[in-house]
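Engineer: Build me a structure from this.
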Amino acid sequence: MSSKSSSPSTLKMVGLVAAWYAGNTLYNVYNKKAANMIHAHWFVACAQLIVGMVWSAVMWGTGMRKTPNLTAADIASCVPIGLMACLSHAGSVLAMGVGAVSFAQIVKACEPAFAAVVGIIVPPMDIKPILAYAMLVPIVGGVGLACVKEGKGVDINYTAFAWASVANLAAALKGKLGGSVTKSLKGDKSKNMDSANVYAVMNIISFLFTVPMVVIAEGSTLQEEWDKATAEHGAQALIMNIALSGFFFYIYNEFAFAFTASVGAVTSSVLNTAKRVIIIVVSSIVFVEPMERNTVIGSAIAICGTFAYSLASKKGAAPKKKKA
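Structural biologist: As a prediction, the model looks like this:
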């Protein structure tokens, strides 16, 4: 009875996955709509984070969620992770802003390759089983095949590819740097840092790093781009798409964090891989993005490789039992 009550219910898990998938898919749709309307993608990324901050403030202000109780040292330890979260989010927004959502998702399937390299280079060294490294071949090869257009050869949107790669590298570094920090914070009950609050704090730090980039990259043209976008699409439609993309971005991440905390990283990684298939299919339909044969085959190979990597990377990683 006790083990049954302590483990999350199947209905709860299904609900979390459904909310995660739906939120992520809707985020990608509204994010692309917003990015198509205004050519100020750092601004879009920044505005999306504000929506999440408002959500957190409401939750904390109403007492629906305990307010984090962090020291200056705690916050300082979160800063590098927040910076990586900023680059991961902005890289994804900029990649989808200048290219197709499906292409960005295909490139982002390469994230395990970045994580594998980061795991070796950044201490403490994290060596995966040989089979996991072998799975990087179909991942990278599949993405490469997806970039080959029939009759044209290699056809890559280099800007979108670069920003998606920045997102991959930042996500890998965030995972590497954040593991021990978040575990420590969540382990101290006095800090009120459950999965939702960990994400909320990282979201705020990410915002603080994004603001300077808006000023540097788009400050001089932002007003002009805003006026142009509102004249063509209307202020209401532009604000709605930015607000909805920010809302679904925050919500899907919060559900994903909650799911990972309940079932562990391996199951979460596997379902994260399956999620890309849904996003690619939905975005191709909504935005009429062409999916040639090589693109379909290549993305399928890359996503299957990511699925296999998620399983193989944890093979034999079970903790050793302590002797009585």
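Engineer: Which residue ranges of the stretch 51-200 of the chain form strands?
Structural biologist: 148-149, 153-154 (DSSP state E, counting those that start in this stretch).
Engineer: Give the other helices and strands that the first one contacts.
Structural biologist: Judged by 3 or more Cβ pairs under 8 Å, 6 or more residues apart in numbering; DSSP states H and E, the packing partners of strand 148-149 are helix 293-312. (Each C-beta comes from the backbone N, C-alpha and C, glycine too.)
Engineer: Next, the buried residues of the helix it packs on.
Structural biologist: 294-295, 298-312 (16 or more other Cβ atoms under 10 Å).
Engineer: Render the CA-only coordinates of it in PDB, please.
Structural biologist: Provided in PDB are the C-alpha atoms of helix 293-312 (Å, rounded to 0.1, in the frame of the first residue of the first chain):
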ATOM      1  CA  ARG A 293      11.800  12.200 -49.000                       C
ATOM      2  CA  ASN A 294      15.400  12.800 -47.700                       C
ATOM      3  CA  THR A 295      14.000  15.100 -45.000                       C
ATOM      4  CA  VAL A 296      11.500  12.500 -43.800                       C
ATOM      5  CA  ILE A 297      14.000   9.600 -43.900                       C
ATOM      6  CA  GLY A 298      16.900  11.600 -42.400                       C
ATOM      7  CA  SER A 299      14.800  13.000 -39.600                       C
ATOM      8  CA  ALA A 300      13.400   9.600 -38.800                       C
ATOM      9  CA  ILE A 301      16.900   8.100 -38.600                       C
ATOM     10  CA  ALA A 302      18.100  11.000 -36.400                       C
ATOM     11  CA  ILE A 303      15.100  10.700 -34.000                       C
ATOM     12  CA  CYS A 304      15.400   6.900 -33.800                       C
ATOM     13  CA  GLY A 305      19.200   7.400 -33.100                       C
ATOM     14  CA  THR A 306      18.300   9.900 -30.300                       C
ATOM     15  CA  PHE A 307      15.800   7.400 -28.900                       C
ATOM     16  CA  ALA A 308      18.500   4.700 -28.900                       C
ATOM     17  CA  TYR A 309      21.100   7.000 -27.400                       C
ATOM     18  CA  SER A 310      18.700   7.900 -24.500                       C
ATOM     19  CA  LEU A 311      18.400   4.200 -23.600                       C
ATOM     20  CA  ALA A 312      22.000   3.200 -24.300                       C
END
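Engineer: residues making contact with it?
Structural biologist: For helix 293-312, the external contacting residues (Cβ atoms under 8 Å, 6 or more residues apart in numbering) are 102, 105-106, 109-112, 128-129, 131-132, 134-150, 266, 269-270, 272-274, 276-277, 280.
Engineer: Mind giving me the PyMOL command for buried ones among those residues?
Structural biologist: In PyMOL syntax, the buried subset of these is picked out as below (16+ other Cβ under 10 Å):
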select buried, resi 102+105+106+109+110+111+112+128+132+135+136+138+139+140+142+143+144+145+146+147+148+269+270+272+273+276+277+280
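Engineer: Isn't residue 105 up against residue 282?
Structural biologist: No. Using Cβ atoms under 8 Å, residue 105 is not in contact with residue 282; the gap is 10.3 Å.
Engineer: Now list whatever residues contact both of those two.
Structural biologist: Joint contacts of residue 105 and residue 282 (Cβ under 8 Å, 6+ apart) are residue 28.
Engineer: weakest of the strands of the stretch 51-200 of the chain in terms of mean pLDDT?
Structural biologist: Lowest mean pLDDT within the strands of the stretch 51-200 of the chain: strand 153-154, at a mean of 68.
Engineer: can I have stretch 228-247 written out in CSV, keeping just the CAs?
Structural biologist: The C-alpha trace of stretch 228-247 is given here as CSV (Å, rounded to 0.1, in the frame of the first residue of the first chain):
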residue,chain,number,x,y,z
LYS,A,228,6.1,47.8,-39.2
ALA,A,229,4.7,44.6,-37.6
THR,A,230,1.6,46.3,-36.0
ALA,A,231,0.8,48.1,-39.3
GLU,A,232,0.8,44.9,-41.2
HIS,A,233,-0.7,42.5,-38.7
GLY,A,234,-2.2,44.6,-36.0
ALA,A,235,-1.0,45.1,-32.4
GLN,A,236,-3.6,42.7,-31.0
ALA,A,237,-2.6,39.8,-33.1
LEU,A,238,1.1,40.4,-32.5
ILE,A,239,0.7,40.7,-28.7
MET,A,240,-1.6,37.7,-28.6
ASN,A,241,0.9,35.4,-30.4
ILE,A,242,3.8,36.6,-28.3
ALA,A,243,1.8,36.2,-25.1
LEU,A,244,0.5,32.7,-26.0
SER,A,245,3.9,31.5,-27.1
GLY,A,246,5.3,32.7,-23.7
PHE,A,247,2.5,31.1,-21.8
